[in-house]
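Asks: pasting the sequence and the predicted coordinates here, then a few questions.
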Amino acid sequence: MTPDVETGSGSERGLPPPKERRRLRESGELTHEQVATELGVTPGTVRSWETGRTEPGARTRAAYADLLDRLARAGAGRPGGSTTRPGRAAKRAPKPPST
């Protein structure tokens, strides 16, 4: 059985409402493509989750909830959201060439 739009808000599954999902993604300066790549889904799937048309399946729900939680924590107390990208390792300075 697939969740329907009226009852499938996701809040009972640890997910914020669809509009908040989009706001969190945008505050983290992430594209649909970046979120999709991290979760192993298509950008269209992420769009569907953000409009409330569909909900994540069991395999991706926990990972999506974790991503949204990291975005919420990264943007907490910062007007305009975060400038960091959760889930991405910080770039390290390149090693000098060995001689």
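Replies: Cool, the structure landed.
Asks: shaky segments in this structure?
Replies: Applying pLDDT under 70 to the chain flags the ranges 1-13, 76-99.
Asks: what about the longest helix in it?
Replies: Ranked by residue count, the top helix of the chain under DSSP state H comes out as helix 58-75.
Asks: which of the residues in that helix are buried?
Replies: Buried residues in helix 58-75, counted by 16 or more other C-beta atoms under 10 Å: 60-61, 64-65, 67-68, 70-72, 74-75. For glycine as for every other residue, the C-beta is placed from the backbone atoms N, C-alpha and C.
Asks: count the residues that sit near Arg25.
Replies: Neighbouring residues of Arg25 were enumerated by other C-beta atoms under 10 Å; the total is 21.
Asks: please begin residue numbering at 23 from this point
Replies: Got it, the first residue is 23 from now on, which makes the last one we talked about Arg47.
Asks: so it makes contact with Glu72?
Replies: Yes. Between Arg47 and Glu72 there is a contact at 7.2 Å, judged by C-beta atoms under 8 Å.
Asks: coming back round to it: CSV for the buried residues of helix 80-97, including distance to Leu61?
Replies: Converted to CSV, those look like this (distance: C-beta to C-beta, whole Å):
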residue, distance to Leu61
Thr82, 5
Arg83, 10
Tyr86, 6
Ala87, 11
Leu89, 7
Leu90, 11
Arg92, 13
Leu93, 13
Ala94, 16
Ala96, 17
Gly97, 19
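Asks: phi and psi next, for Gly79.
Replies: Main-chain torsions, Gly79, degrees, to the nearest 10: phi -80, psi 170.
Asks: what about it, distance to Gly50?
Replies: To Gly50, Gly79 is 23 Å away according to C-beta to C-beta, to the nearest Å.
Asks: out of the two, which sits in the busier spot?
Replies: Comparing Gly79 with Gly50 by other C-beta under 10 Å, the one with more neighbours is Gly50, at 23 against 12.
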